[in-house]
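Peer 1: My questions are about this predicted structure, shown below with the sequence.
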Amino acid sequence: MLHHIVLMDPATREDLRQIEAAMPILARLCADLQGASGFSHGPNRDYEGKSQRYAYGFSVIFEDRSAHLAYERHPDHVRAGGMLVAACAGGADGIFVADLEV
């Protein structure tokens with residue numbers, strides 16, 4: 001099982017709205033994609049003061065790497081990913097991704 005965790009550093013407040021606009025696209029994709037579950041998203045509260053840069057994030061659980069690959073290749077992921085890259089400070093450099101194998 002993989003926990004796919006994505007944190008984003010929006011360049012501006014308007015860009016934060018673009019990040020939020022991408023979330024329903026990813027939610028629908030994860031709801032329809034076999035092997036994906038538990039999509040959730042929201043603002044990063046950073047209670048420990050270790051990730052102030054990343055104002056927003058989402059996570060999804062994949063049953064295995066093949067489900068994760070299907071997600072990566074899906075046109076809706078490509079479209080939403082493009083929205084996220086465009087909205088983050090430094091483009092792709094403003095996105096942190098961790099895939100935890102659990």
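Peer 2: Received it, and whenever you're ready, just let me know what you need. Numbers count the residues shown, from 1 in each chain.
Peer 1: alpha carbons only for contacts and neighbour counts from here, please
Peer 2: Fine.
Peer 1: Okay, strands next: where are they in this protein?
Peer 2: 2-8, 36-43, 56-62, 95-101 (DSSP state E).
Peer 1: Quick check: which of the ones you listed is nearest to residue 16?
Peer 2: Distances from residue 16 to each of these were compared using C-alpha to C-alpha; the shortest belongs to strand 56-62, at 7.9 Å.
Peer 1: Walk me through which strands the closest one pairs with, and which way each runs.
Peer 2: Applying DSSP bridges, strand 56-62 is found paired with strand 2-8 (antiparallel), strand 36-43 (antiparallel).
Peer 1: Just say which of the ones you listed is most tucked in.
Peer 2: Among the strands paired with strand 56-62, strand 2-8 has the highest mean neighbour count (mean count of other C-alpha atoms under 10 Å), at a mean of 20.
Peer 1: Quick one, which of the strands paired with strand 56-62 gets closest to residue 94.
Peer 2: Each of the strands paired with strand 56-62 was checked against residue 94 via C-alpha to C-alpha, and the shortest separation belongs to strand 2-8, namely 5.9 Å.
Peer 1: Show the model's pLDDT score for residue 13.
Peer 2: At residue 13 the predicted local distance difference test score is 89.
Peer 1: Please report how far it lies from residue 41.
Peer 2: Computed as C-alpha to C-alpha, to the nearest Å, the residue 13 to residue 41 distance reads 17 Å.
Peer 1: ditto for residue 54
Peer 2: On the measure of C-alpha to C-alpha, residue 54 and residue 41 end up 13 Å apart.
Peer 1: one step back: now the strands of the chain as a markdown table including distance to residue 77 and mean pLDDT?
Peer 2: As requested, those are arranged in a markdown table below (distance: least, C-alpha to C-alpha, whole Å; pLDDT from 0 to 100):
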| stretch | distance to residue 77 | mean pLDDT |
| --- | --- | --- |
| strand 2-8 | 13 | 98 |
| strand 36-43 | 13 | 98 |
| strand 56-62 | 13 | 98 |
| strand 95-101 | 14 | 98 |
